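A.B. asks: Output the structure for:
(chains A and B)
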Amino acid sequence: MTLDQWLQEATGTFPRGVRERLAREYKAHLEDSVASGGSGDALELFGDSQMVAKELTRLYVTTARLQLLEEMPGGWYRFLILISLWAPVYSLSYRASALNVFCLVMETVAFSGIILSTVH
Amino acid sequence: MNAQAQLRMIILAVLERQPEHGYAIAQAIKARSGGVLLAREGTLYPVLHALEADKQIESAEHEVSGRVRREYRLTERGLKEADRLRGDWKRQQGAVNAVLAGGKA
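C.D. replies: Purely as a prediction, here's the structure:
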């Protein structure tokens, strides 16, 4: 698989700035690998692109989620969504913290509000 | 300690020696582990970015031999976290070894 194909699968759903930084890093990594005798195949070197994409969604907001945020009415509502989307909830898997619990509560409140606002 | 935490721990351990860019970190992990760890190097960058978001490492782009490379370095916070994770790992290893030692009759 070419690097471009692999990158499209692994990073294609993220905003441009995130995609560009990751592309530079993965490209540099592949170049160094080839210079050391590697095959240049992105899948062989980097592994499953979907697994990498899943890891990245724990850290970065996707373009689709950002668009959802832009379409949400009300400044305070956006603030709640931002906090909940920013939270590194994945870290709950190995380390709980008051901040993570707070963000999880905010996310629940925010999305309850979304459901209520669509019903009325 | 899950796989994610292990990878974070070994990346911090590599950067304790000196700042490195991604490919060099991957090669150091593979060399020191005899090829056992980090079979697929794509998982390295999500973890590096997560460590940077947690302010345990910081990065900057540099030109190296005509190529642009992003170099990562450990912060004070990262150094403390590395020590904490190392302690957790030793305790887990000790506990597992104790159970295994008391296993077969």
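A.B. asks: count of residues packed around residue B:93?
C.D. replies: 11 (other Cβ atoms under 10 Å in any protein chain shown). Quick note: C-beta positions are derived from backbone N, CA and C, even for glycine.
A.B. asks: Now do the one helix or strand it maps to: distance to the chain's middle.
C.D. replies: Following DSSP states H and E, one finds residue B:93 within helix B:76-101. Relative to the chain's own centre, helix B:76-101 is displaced by 13 Å; criterion: Cα atoms, centre = their mean, to the nearest Å.
A.B. asks: Pass me the low-pLDDT residue ranges in chain B, would you?
C.D. replies: B:103-105 (pLDDT under 70).
A.B. asks: Can you pull the residues of it lying near chain A?
C.D. replies: B:1-2, B:4-5, B:21-24, B:26, B:39-43, B:45-47, B:49-50, B:53-54, B:61, B:67-70 (Cβ under 8 Å from any Cβ of the partner chain).
A.B. asks: Narrow those residues to those in helices?
C.D. replies: Mapping the residues of chain B next to chain A onto helices (DSSP state H) picks out B:4-5, B:22-24, B:26, B:45-47, B:49-50, B:53.
A.B. asks: Let me have the residues you listed in JSON lines, extended by neighbour count.
C.D. replies: JSON lines is the format used below for these (neighbours: other Cβ atoms under 10 Å in any protein chain shown):
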{"residue": "B:4", "neighbour count": "18"}
{"residue": "B:5", "neighbour count": "17"}
{"residue": "B:22", "neighbour count": "22"}
{"residue": "B:23", "neighbour count": "22"}
{"residue": "B:24", "neighbour count": "18"}
{"residue": "B:26", "neighbour count": "25"}
{"residue": "B:45", "neighbour count": "24"}
{"residue": "B:46", "neighbour count": "24"}
{"residue": "B:47", "neighbour count": "18"}
{"residue": "B:49", "neighbour count": "21"}
{"residue": "B:50", "neighbour count": "23"}
{"residue": "B:53", "neighbour count": "13"}
